[in-house]
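>>> sequence unavailable; structure follows:
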């Protein structure tokens, strides 16, 4: 074994020798037989964390409960190690957004466990080892990403919110026990601790700044690409597709947005009247007869942060400001449309001040129905969404449509019509 590999396999000295040896041997088995998993497992620092019921990862460490690991056979231990590796591969630590933590945790576990079983990696850990909790495994979720599984789980449970009590029971908002976290692992978002480096429950955490978190994500992506390149056929098909997206040059979403908006304009320029935003400087603009009408529909069911919204609408504003005449209608939607506001060159309003109010489900048809009912015929519809409608994607024959999909780091969804671009910060 090389010195570099040996250094990667260093573990926390506080762990018991037996557990240390078993965890190390599991990673060595992977290095010898399934190098994709072995290479990525070797970069995780093994850390004893007996305050957790099972295991977890924050992208840097593989944390685990000694008593839990001692219950596992070697094959089940291999499953556990590979499971934590895939949490890193799929970037589950950062991809949760505003989704319910417990439900999203379960969705990720369903996704990963199906991949491991399908690829014959170890043995799935049964309920007898999970303290009575059932493993998150169901073939009905095959071919779904974690976001899709999450939406299905939320839909099946009437979109209820969940909390976890001191015993690890998952409690819905009506006070009913619907599961236990002993049936799943926990993937952690790297968190900031208090002045003593502990979380709210007194457990140690490693604080990370936004720059450090971004650096960790980039490090994991590069590690995944390197591991896949050296592992050959050992890489699962869905991960191959994901790596293909990471390594294929992509046009920046801002450039695609700009190109699509400009393609809707007929080149009929005028210098007759300056835009109110241009002050005394006269810029060439479109003639009044060729006013560009754009509708922007914002899907409030996804995890759209204020920063993301500001970035997105500011880009739309910046493009529109280059033209003298425009009309931008912004709306929000979930199962209906609300918050409709119109911005024009004449009005001089700042689109970036538009306020998001939040919402529930996801019905794309609501946008098309609203436009038809209100005789709206935009030159371009721009839909900012997480890409998971409950039903139809909309009416492909009504107007030119551009889908800007955010938060889709796993499958890189493509809309069935129109043009798809992915919002990557």
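Perfect, I can see it now. Keep in mind that this is a model prediction, so the values were computed, not measured. Numbers count the residues shown, from 1 in each chain.

>>> how far does stretch 96-115 sit from the chain's center?
11 Å (Cα atoms, centre = their mean, to the nearest Å).

>>> cool, and stretch 376-385?
When distances are taken as Cα atoms, centre = their mean, stretch 376-385 is centred 24 Å away from the chain's centroid.

>>> what's the answer for stretch 328-345, then?
Worked out by Cα atoms, centre = their mean, stretch 328-345 lies 25 Å from the chain centre.

>>> how about it: buried residues?
328-334, 337, 343-345 (16 or more other Cβ atoms under 10 Å). C-beta coordinates here come from the backbone N, C-alpha and C atoms, glycine included.

>>> what about it, how long is it end to end?
9 Å (Cα to Cα, to the nearest Å).

>>> ignoring the adjacent residues along the chain, who's closest to residue 312?
In this structure, residue 312 finds its nearest non-sequential neighbour in residue 384, 5.7 Å apart by Cβ to Cβ, 6 or more residues apart in numbering.

>>> could you count how many residues lie near the one you found?
For residue 384, the number of neighbouring residues by other Cβ atoms under 10 Å comes to 24.

>>> one more: residue 229?
Using other Cβ under 10 Å, residue 229 is surrounded by 12 other residues.

>>> got it, and residue 67?
Going by other Cβ under 10 Å, the residues that sit close to residue 67 add up to 10.

>>> same thing with residue 79?
22.

>>> cool, residue 371 as well?
For residue 371, using other Cβ under 10 Å, the count is 22.

>>> which residues in this structure form helices?
For the chain, helices defined by DSSP state H occupy the ranges 3-8, 17-33, 35-42, 66-71, 74-89, 92-95, 101-118, 146-156, 210-231, 237-247, 253-263, 306-320, 365-373.

>>> chain center to the shortest one, what's the gap?
Taking the mean of its C-alpha atoms, helix 92-95 sits 6 Å from the chain's own mean (Cα atoms, centre = their mean).

>>> now do the second one
When distances are taken as Cα atoms, centre = their mean, helix 17-33 is centred 31 Å away from the chain's centroid.

>>> tell me the buried residues in that helix?
Per 16+ other Cβ under 10 Å, helix 17-33 contains these buried residues: 19-20, 23-24, 26-31.

>>> now the two most distant members of the buried residues of stretch 328-345.
334 and 345 (30.0 Å; Cβ to Cβ).

>>> and the helices of the chain: which comes nearest residue 299?
Of these, nearest to residue 299 by Cβ to Cβ is helix 365-373, at 9.0 Å.

>>> averaged pLDDT, stretch 378-392. What do you get?
Computed over stretch 378-392, the mean pLDDT rounds to 85.

>>> span of it from start to end?
20 Å.

>>> now do it: distance to the chain's middle.
That offset, for stretch 378-392, works out to 17 Å (Cα atoms, centre = their mean).

>>> then stretch 24-39?
Computed by Cα atoms, centre = their mean, the chain-centroid distance of stretch 24-39 equals 28 Å.
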